[in-house]
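S.K.: model this:
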Amino acid sequence: MGFQRILAAIDHSPLSHSVFEEALELAKSNQAQLILFHCLTADLISATPPFAGELGVSPHLVSQAYQSQYIRFEDQLRQIQLLLNQYCSLAKAQGVRVESDYRTIEPGQGLCQAAQRHQADLIIMGRRGRKGITEVLLGSVSNYVLHHAPCAVLVIQSGQPTEIQPTEAVEVAY
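M.R.: Below you'll find the model as predicted:
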């Protein structure tokens, strides 16, 4: 089974580099297009409370807090654009057709929507290995994507070497 369009989930985590390298190798071996994708979470920008004065909060302080969050959001946006551009340059240097995209959305939904929008036939993403109460409270993006993706999913486990060996546990869903 050959892949034509591979969507790789990229963020600032150390695991993301392993995801990129695996996606790059698969794109090269399948002569596929590589789409690098990142989700900025919407909670970085929160709306100003409608009645800040009634809550005893100075409208000036609320405005400053909102501006501070917006500056943080813009900084994170610049950082992710730089990261995506660096990975794009690495892929282009190896002869891979590559593009990048990002959205402000929850990661699980964003990856599934991006796969559909870009007509990807494979999503490659990392899994940090949360278990128990941590997974219940924070959720599992990889679990969401495995159950909602419109295409195959390759999950790279945290702590795994970049090169996948046949004995390693890697989740693949079709």
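S.K.: please make it C-alpha for all contacts and neighbour counts, starting now.
M.R.: Fine.
S.K.: now do the helices in the protein.
M.R.: 14-30, 59-93, 107-117, 132-138, 141-148 (DSSP state H).
S.K.: how about a markdown table for those, with mean pLDDT added?
M.R.: As requested, these are exported to a markdown table (pLDDT from 0 to 100):
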| stretch | mean pLDDT |
| --- | --- |
| helix 14-30 | 95 |
| helix 59-93 | 89 |
| helix 107-117 | 96 |
| helix 132-138 | 49 |
| helix 141-148 | 90 |
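S.K.: just put those helices in CSV and tack on distance to residue 125 and mean neighbour count.
M.R.: Compiled in CSV, these are given as follows (distance: least, CA to CA, whole Å; neighbours: other CA atoms under 10 Å):
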stretch, distance to residue 125, mean neighbour count
helix 14-30, 6, 19
helix 59-93, 15, 15
helix 107-117, 9, 20
helix 132-138, 17, 10
helix 141-148, 7, 18
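S.K.: can I get those helices in TSV with distance to residue 7?
M.R.: Below are the helices of the chain laid out as TSV (distance: least, CA to CA, whole Å):
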stretch	distance to residue 7
helix 14-30	8
helix 59-93	13
helix 107-117	7
helix 132-138	23
helix 141-148	12
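S.K.: out of those helices, nearest to residue 123?
M.R.: Shortest distance between residue 123 and the helices of the chain, using CA to CA, is found for helix 107-117: 7.1 Å.
S.K.: kindly export the closest one (C-alpha atoms) in CSV.
M.R.: Taking Å, rounded to 0.1, in the frame of the first residue of the first chain, the C-alpha atoms of helix 107-117 are listed here in CSV:
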residue,chain,number,x,y,z
PRO,A,107,-5.5,19.1,18.3
GLY,A,108,-7.5,16.0,17.8
GLN,A,109,-10.2,17.7,15.8
GLY,A,110,-7.7,19.8,13.9
LEU,A,111,-5.7,16.8,12.8
CYS,A,112,-8.8,15.0,11.5
GLN,A,113,-10.0,18.1,9.7
ALA,A,114,-6.6,18.7,8.2
ALA,A,115,-6.4,15.2,7.0
GLN,A,116,-9.7,15.6,5.3
ARG,A,117,-9.0,19.0,3.9
